[in-house]
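Visitor: Structural data only, the sequence is not supplied:
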Ligand SMILES: *[C@@H]1O[C@H](CO)[C@@H](O)[C@H](O)[C@H]1NC(C)=O
Ligand SMILES: *[C@@H]1O[C@H](CO)[C@@H](O)[C@H](O)[C@H]1NC(C)=O
Ligand SMILES: *[C@@H]1O[C@H](CO)[C@@H](O)[C@H](O)[C@H]1NC(C)=O
Ligand SMILES: *[C@@H]1O[C@H](CO)[C@@H](O)[C@H](O)[C@H]1NC(C)=O
Ligand SMILES: *[C@@H]1O[C@H](CO)[C@@H](O)[C@H](O)[C@H]1NC(C)=O
Ligand SMILES: *[C@@H]1O[C@H](CO)[C@@H](O)[C@H](O)[C@H]1NC(C)=O
């Protein structure tokens with residue numbers, strides 16, 4: 001009770017003295033169609049999607065950056081997980097192969113089936129086999145859980161998070177630095193992006209909840225005139241969860257915020273290339289600056 005009151009008072013007193021001077025937000029864009037038929041036996045072909053396959057993503061699809069060192073880190077960290085999942089789910093994968101008409105199913109392509117979720121989101125009636133229970137859980141729940149595991153696997157170590165989210169972290173910090181240095185007067189900056197971009201950012205900030213990023217989920221950076229930063233994750237329409245980066249409180253002194261994130265910052269595409277071990281630094285072919293586009297997200301895979 002006392003703790004609660006103190007927290008409440010603290011919040012109120014800060015609220016009354018500190019004014020918001022900058023707000024930055026990045027959200028996951030809305031719904032989209034699958035990229036292709038989720039599985040051969042699926043009845044919902046492109047005709048069922050008014051705007052065709054993959055609508056919405058084409059415009060925003062980030063530039064792919066070849067990053068050998070990320071690929072290496074990723075495949076090293078992924079190998080034991082892949083082996084474990086292929087063993088644990090071997091029986092279910094075989095059964096799914098037969099049911100879906102897919103040639104083979106394993107750790108590497110099980111996520112193709114996650115596009116079924118988009119059909120469910122569109123109220124498209126589903127075959128009953130998705131509710132079949134395997135090892136105590138429905139097939140669809142297994143598909144969701146495997147998606148969560150494999151998706152997060154792309155970002156969930158300091159090395160991978162830096163490759164994938166380091167430039168984005170830098171962008172947010174630089175925006176604040178520029179405002180403070182009077183290099184800009186922009187005090188509200190908003191980005192529309194992909195789930196992977198938000199995951200990369202959340203892992204780079206080391207505040208991920210290890211869940212999938214839902215549609216319209218938003219990460220918010222707030223800068224106050226008492227030189228503090230606050231971070232929020234709004235992953236539902238009702239709640240913006242306060243986030244604290246490791247080493248600081250949720251209301252974090254600006255200088256400490258920058259200091260704690262220094263190690264994960266990737267300050268330019270050239271630096272990213274050198275971290276990646278990419279020989280050619282043909283920055284000219286990749287649009288990185290100017291517009292607040294998220295095309296600098298770092299990966300050799302589509303985000
Ligand atoms: C989708 O399937 C229907 C039959 O269910 C067919 O009439 C239609 O031509 C198909 N569309 C495409 C794009 O293949
Ligand atoms: C099957 O269920 C057991 C007990 O709940 C669990 O430990 C195991 O991980 C599950 N395996 C799969 C493939 O879901
Ligand atoms: C594969 O599916 C067919 C039809 O859905 C079924 O008759 C057959 O028994 C299945 N085979 C296996 C090995 O599950
Ligand atoms: C987050 O921080 C913890 C220690 O606080 C560390 O063990 C973990 O590897 C970090 N994760 C990422 C993605 O940086
Ligand atoms: C930026 O401008 C404000 C208001 O004019 C001023 O108080 C502040 O000292 C300036 N900051 C820098 C770093 O020049
Ligand atoms: C939203 O994030 C909070 C805090 O991490 C978590 O407890 C909650 O389960 C998340 N909800 C969704 C829908 O992701």
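Guide: Ah, there it is. Note that the structure is a prediction, hence the values are computed from the model and not measured. Ligands and ions are numbered 1, 2, ... in the order given.
Visitor: Quick one: classify the residue nearest to residue 184 when sequence neighbours are not counted as helix, strand or coil.
Guide: Leaving aside its chain neighbours, residue 184 sits nearest to residue 178 (4.6 Å; criterion: CB to CB, 6 or more residues apart in numbering). (Each C-beta comes from the backbone N, C-alpha and C, glycine too.) Following DSSP: H, G, I helix; E, B strand; the rest coil, the label given to residue 178 is helix.
Visitor: Just the strands from the chain, written as ranges.
Guide: Along the chain, the segments classed as strands by DSSP state E run 20-28, 133-134, 137-138, 188-193, 218-224, 228-234, 241-243, 252-253.
Visitor: quick one: the helices in this structure?
Guide: Using DSSP state H, the helices of the chain run over residues 2-17, 57-60, 68-88, 90-100, 116-121, 139-152, 158-180, 195-204, 254-261, 269-276.
Visitor: Name the stretch among those that sits most buried.
Guide: helix 195-204 (a mean of 26; mean count of other CB atoms under 10 Å).
Visitor: and that helix with ligand 4, contact?
Guide: Yes. Using CB under 6 Å from any ligand atom, helix 195-204 reaches ligand 4 at residue 203.
Visitor: Check stretch 72-92 too.
Guide: No. With CB under 6 Å from any ligand atom as the criterion, ligand 4 is not reached by stretch 72-92; the gap is at least 11.2 Å.
Visitor: contact partners of that stretch?
Guide: Residues from elsewhere that reach stretch 72-92 (CB atoms under 8 Å, 6 or more residues apart in numbering): 93, 106-108, 110, 134-135, 139, 142, 146, 149, 153-154, 157, 159-160, 163.
Visitor: OK, contacts around residue 265?
Guide: Contacts of residue 265 (CB under 8 Å, 6+ apart): 166, 169, 170, 173.
Visitor: I'd like to know how many residues surround the closest residue to ligand 6 within the chain.
Guide: Nearest residue of the chain to ligand 6: residue 209, at 3.3 Å (CB to the nearest ligand atom). For residue 209, the count of nearby residues is 12 (other CB atoms under 10 Å).
Visitor: which residues sit in contact with it?
Guide: 202, 233.
Visitor: how about the most centrally placed residue in the chain, what does it touch?
Guide: By CA atoms, centre = their mean, the chain has its centre lying nearest to residue 199, at 2.1 Å. Residue 199 is in contact with 151, 152, 154, 155, 164, 208, 213, counting by CB under 8 Å, 6+ apart.
Visitor: Low-confidence regions, the stretch 151-300 of the chain specifically.
Guide: 279-300 (pLDDT under 70).
Visitor: any idea how far residue 118 is from residue 142?
Guide: Residue 142 sits 17 Å away from residue 118, going by CB to CB, to the nearest Å.
Visitor: and if you look at residue 187?
Guide: Counting by CB to CB, the gap from residue 187 to residue 118 is 36 Å.
Visitor: swap in residue 217?
Guide: With the distance defined as CB to CB, residue 217 ends up 16 Å from residue 118.
Visitor: now do residue 125
Guide: The gap separating residue 125 from residue 118 is 14 Å, by CB to CB.
Visitor: By proximity to ligand 4, which residue of the stretch 201-303 of the chain wins?
Guide: For the stretch 201-303 of the chain, CB to the nearest ligand atom, closest residue to ligand 4: residue 206, 3.8 Å.
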